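*Asks:* Here is a sequence together with a model predicted from it:
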Amino acid sequence: MKYRILLLAPALLIMACDPDQPEHHFDAGLLVLNEGAFMGGTATLTHWSDTDSVTTDAFVRSNGRSLGNLGTGLAVDAHHAYVVLNGAASLEVLDLPSLHSVARITGFAAPRQVVVLPGGDLAVSDWGRNRVYRLSSSTWAMTDSVDLPEGPEAMMVHLGELWVTHSGGLGMDSAVSVLDPATLDVVATMEVGVNPSSIAVLGGSIYVLCSGYTDWSGGGADRSASLVKIDPATRSVTATYDAVFPADRPTKLATDGEVLYWIKDGYTGDVLRMDPTALDYPAYAWISGTAYGLFADGASNALYVLDAKDFQQNGEVRRYSPGGQLQATVPAGLIPTAAVRIP
């Protein structure tokens, strides 16, 4: 079901710049979102510049306040960075390169991810209401929304269409929806594996990583994970690669434009690597460790591994060469989860 949204005054705060706040510039480099503690903590931003300077709490440095609870989503365009705060049920809009907050958008229930649409508007997925919202880039107002299957999660714009995975929320789903980004009309729905949680395009195909399902009741309803390959022209599944280990719950599919990477299990953190010509799901770790997030840089083919360590102490970011050699390590905040390049 589609909804038109009339913006209420409390749903949007436009942030005025504090004249006493010093001007900061966070130029080209990696911007890392750190989740922060699950209950009562605050998300943070780490900036790792191309000249190798590191600012471990860039948002506070620029704004003089905390960001908000539980960061889950991050995106950038030429002028802004966008941070989804699941615990604070809001989206923070930041100016680039200063990282000054220009708007804080509320009115969500449990937002998860954000993506920039053609023309510059935004789409935000929301578990709490099983919706995707459209936000205006000129007013930062919610202008439209659509009801979707359970747990709308990762989103990607491809060939003018908005692809949305449905991770099942706290349950199960197996759908991927394709939307017209101008109207949010659903133009196609596909069945893939259980709980599709991330999505990427490589070599003309779309890949969907399906995390599977653990039946914590002990009732035996566990479902294995898989990687699914889709032909976007026909919107049909062309291959399914079943996970080698049925108990794995893989996450964070990424690509540098040449190969695919993902995290073997959300709690063990080994990084898997797969060439698109491979015929089987990878059985062995490409990088062993405690990865919690990934960023694959298409310009340099470097892979950035976000390490949450024990989820109690601050994490770190490690950069690896295309051959898997460790190149550099820098500190991050508590539970680094996502990263993007500032253009």
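*Replies:* Cool, got the structure.

*Asks:* Run a quick check on residue 34 versus residue 339, I expect a contact.
*Replies:* No: Residue 34 is not in contact with residue 339 according to CB atoms under 8 Å; the separation is 10.0 Å. For every residue, glycine as well, the C-beta is placed using N, CA and C.

*Asks:* Comparing the two, which residue is more hemmed in?
*Replies:* residue 34 (29 against 24; other CB atoms under 10 Å).

*Asks:* How about the contacts made by that one?
*Replies:* 43, 44, 45, 46, 71, 315, 332, 333, 334, 335, 336, 337 (CB atoms under 8 Å, 6 or more residues apart in numbering).

*Asks:* between the residues you listed, which is nearest residue 114?
*Replies:* residue 71 (11.1 Å; CB to CB).

*Asks:* Burial check on the closest residue to the closest one other than its chain neighbours, number of neighbours?
*Replies:* Nearest residue to residue 71, sequence neighbours excluded (CB to CB, 6 or more residues apart in numbering): residue 43, at 3.1 Å. Neighbour count of residue 43, defined by other CB under 10 Å: 29.

*Asks:* ok, now which ones touch the residue nearest to residue 192 when sequence neighbours are not counted?
*Replies:* In space, residue 192 comes closest to residue 228 once its chain neighbours are excluded; the distance is 4.3 Å by CB to CB, 6+ apart. Residue 228 makes contacts with 192, 193, 196, 207, 208, 209, 210, 237, 239, 240, 241, as judged by CB under 8 Å, 6+ apart.

*Asks:* Kindly report the same for residue 308.
*Replies:* 269, 290, 292, 293, 315, 335, 336, 337.

*Asks:* Please indicate which of those residues are buried?
*Replies:* 269, 290, 292, 293, 315, 335, 336, 337 (16 or more other CB atoms under 10 Å).

*Asks:* Just read off the phi/psi values of the fourth one.
*Replies:* Comment: the main-chain dihedrals of residue 293 come out as phi -150, psi 160, following degrees, to the nearest 10.

*Asks:* Quick check: beta-bridge partners of it?
*Replies:* Beta-bridge pairing for residue 293 (DSSP bridges): residue 306.

*Asks:* so what's it up against?
*Replies:* 252, 263, 305, 306, 308, 336, 337, 338, 339.

*Asks:* Of the residues you listed, just say which sits nearest to residue 219.
*Replies:* residue 263 (26.7 Å).

*Asks:* For that closest one, give me phi and psi.
*Replies:* phi -90, psi 130.

*Asks:* and it, bridged to which residues?
*Replies:* Beta-bridge partners, per DSSP bridges, of residue 263: residue 251, residue 271.
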